[in-house]
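In: here are the coordinates; sequence isn't available:
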């Protein structure tokens, strides 16, 4: 009986108490995540290239 009450309460909360985003809000959030991901990827790539060049310079001294 407790399991059935939990399922009913979960369903009631999902249907009546959760505020779902609209399609435009969802698309705006997706664009923000996409742009942030690209910026972070570019920063990591720049750090990788810089570290590689630094290490090549240091190994070239020896």
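Out: Everything's here; your move. Every value quoted in this text rests on a predicted model; they were computed, and no experiment measured them.
In: ok, now how distant is the residue of the chain positioned farthest from its centre from residue 3?
Out: The outermost residue of the chain relative to its centre, with distances by Cα atoms, centre = their mean, is residue 62 at 42.4 Å. Relative to residue 3, residue 62 is positioned 69 Å away (Cβ to Cβ, to the nearest Å). Quick note: C-beta positions are derived from backbone N, CA and C, even for glycine.
In: What is the least confident helix or strand in this structure?
Out: Using mean pLDDT, DSSP states H and E, the weakest-scoring helix or strand in the chain turns out to be helix 2-12, at a mean of 93.
In: where's residue 52, which helix or strand?
Out: For residue 52, the host element (DSSP states H and E) is helix 23-61.
In: how about residue 19, phi and psi?
Out: When read as degrees, to the nearest 10, the backbone of residue 19 gives phi -100, psi 110.
In: Number the chain from 10, please
Out: OK, 10 is where the count begins now, so the last one is residue 28.
In: how many neighbours does it have?
Out: By the measure other Cβ atoms under 10 Å, the count of residues near residue 28 is 5.
In: before we move on, what about residue 21?
Out: Quick note: residue 21 (other Cβ under 10 Å) scores 10 neighbours.
In: next one: residue 49
Out: The burial count for residue 49: 10, using other Cβ under 10 Å.
In: Show the pLDDT at it.
Out: On pLDDT, residue 49 comes in at 98.
In: Not counting sequence-adjacent ones, nearest residue to residue 30?
Out: In space, and not counting its chain neighbours, residue 30 is closest to residue 38: 7.2 Å by Cβ to Cβ, 6 or more residues apart in numbering.
In: Alright, that wraps it up for me.
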